[in-house]
Structure formats: C-alpha cells, structure tokens
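Colleague: I'd like to go over a predicted model; first the sequence, then the structure.
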Amino acid sequence: MPMAADDIVKLIKQGIPGAEVEIQDLAGDGDHYAATVISPTFAGKSKIQQHQMVYGALGGRMGGVLHALKLTTMAQRP
Amino acid sequence: MSEPQVFERIRDEIAKNDVLLFMKGTPVFPQCGFSAAVVEVLSDLGVKFHGVNILVDPELRQGIKEFSQWPTIPQLYVKGEFVGGCDIVREMHETGELQQLMTEKGVTLATAA
C-alpha cells in the first residue's frame, strides 16, 4: 500500500521539529519519492545519522510500505 | 534479549572482506536499481569488492537491517565500517569523499588508465 507525499512530509516534520521538507514523486506510483530535508538538528551529525533520523521519523515505514526514498539531508540551505 | 544469531555471520562477512556490499542480486546481475548504482560506483573507482545477495538469504536480509539500524538494501561496508546506502554512497562519490575514505583506509583503487 503506497504512501501519500503529504503523509511522508507530515511524519518527517513531526519527527524532526522545524525541518523543511521538499518532496517529489519520482514515478507517480506513491512508492518512489525523492525528498530533501533541511534541519539545524543535523548539524555535526554524519550523513548516516541524519538519514537515520529521517527513517526514525518515518517510524519503520522505510523499506516497508515506502519502498524507495531518495534522500538528501543538510543542516541548512547551501 | 540476546542478539540474533545471524549477527555473528554478518560480522564474519564484514571482517573477511575489505569492501563488502550487501545487495539485491549479484555484482554481475544486480536485481535492483539502487544495488546496481552502488555496483557502478565501485566499478567506477576500480575497487575490488564482495557482493552478498540477500535475496537468497531471508535471515540475512532481515538481520542486516537490524545489525546496521538501516532499513534498506544495499548497504556498503569498508574495512568494517558501515558507509551507507545508495544515496550516501552516490553523494560521497560525487564529492570525492568515497575515494578519499577508501584511500585513507588503505583500499587499493584501480589507477586511472
């Protein structure tokens, strides 16, 4: 059962307060998204830790109902 | 609660291979776009690596996600360190960070022709 883009954004924002989230449906099937997440809480964290924070916010859906999420994370806008 | 038995197998594979890729399919026949992308990056760097096909090993497929606390496949390990999945490996390759990591860890890269 694919996920709606808005639900993904909502979950990420709930899990990472103050995060800016840009999302793009790559295949139009609700299963393949690209997302950019910008949050000052990423500062000083490794890429792995940043992505794990996003996966944590998605509450175990990553790799399950959400098959593919091309993720880009940064502490602030370049 | 003791750790899953498969963790021992995973540690053994990681210890035995300098560059190890848990993937869907094999390096010659990747069966997922993300796995194929990482294989391409490693081939681009000219790095010798070992591919573990989790599609033929359901216990490993689940165990590796718990082991690394990372929910998806592929997963790249270099000299025992978890480097990341497809996005991170690709991003590091684009910035040159991956090549630097490999060199720092003493992994031999194919010299440019």
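Modeller: Looks like it came in fine. A quick note: this is a predicted structure, and the numbers were derived from the prediction, not measured.

Colleague: OK, contacts around the spatially most central residue of chain A?
Modeller: By Cα atoms, centre = their mean, chain A has its centre lying nearest to residue A:54, at 5.0 Å. Counting by Cβ atoms under 8 Å, 6 or more residues apart in numbering or on different chains, residue A:54 touches A:12, A:15, A:16, A:35, A:37, A:71, A:73. Just so you know, the C-beta spots here come from the backbone N, C-alpha and C atoms, and that holds for glycine as well.

Colleague: my read is it is in a helix, agree?
Modeller: Yes - looking at residue A:54 with DSSP: H, G, I helix; E, B strand; the rest coil, it is inside a helix.

Colleague: Need the three-state assignment for residue B:37.
Modeller: Applying three-state DSSP: residue B:37 is helix.

Colleague: Give me the distance between it and residue B:86.
Modeller: Separation of residue B:37 from residue B:86 (Cβ to Cβ, to the nearest Å): 5 Å.

Colleague: between those two, who's got more neighbours?
Modeller: When residue B:37 and residue B:86 are compared for neighbours, residue B:86 comes out ahead with 24 against 17, by other Cβ atoms under 10 Å in any protein chain shown.

Colleague: and that one, what does it touch?
Modeller: Applying Cβ under 8 Å, 6+ apart, the residues near residue B:86 are B:34, B:35, B:37, B:38, B:74.

Colleague: Pretty sure the last one sits against residue B:85.
Modeller: When you say that, I think you mean residue B:74. Yes - assessed by Cβ atoms under 8 Å, residue B:74 is found in contact with residue B:85 at 6.1 Å.

Colleague: Next to chain A in this structure, residues from chain B, please.
Modeller: When proximity is defined as Cβ under 8 Å from any Cβ of the partner chain, chain B approaches chain A at B:34, B:65, B:69-73, B:82-85, B:87-88, B:91-92.

Colleague: quick one, strands of chain A?
Modeller: All strands of chain A, identified by DSSP state E, fall at A:20-25, A:32-38, A:68-74.

Colleague: out of those strands, nearest to chain B?
Modeller: Nearest to chain B among the strands of chain A is strand A:68-74 (5.2 Å), distances taken as Cβ to the nearest Cβ.
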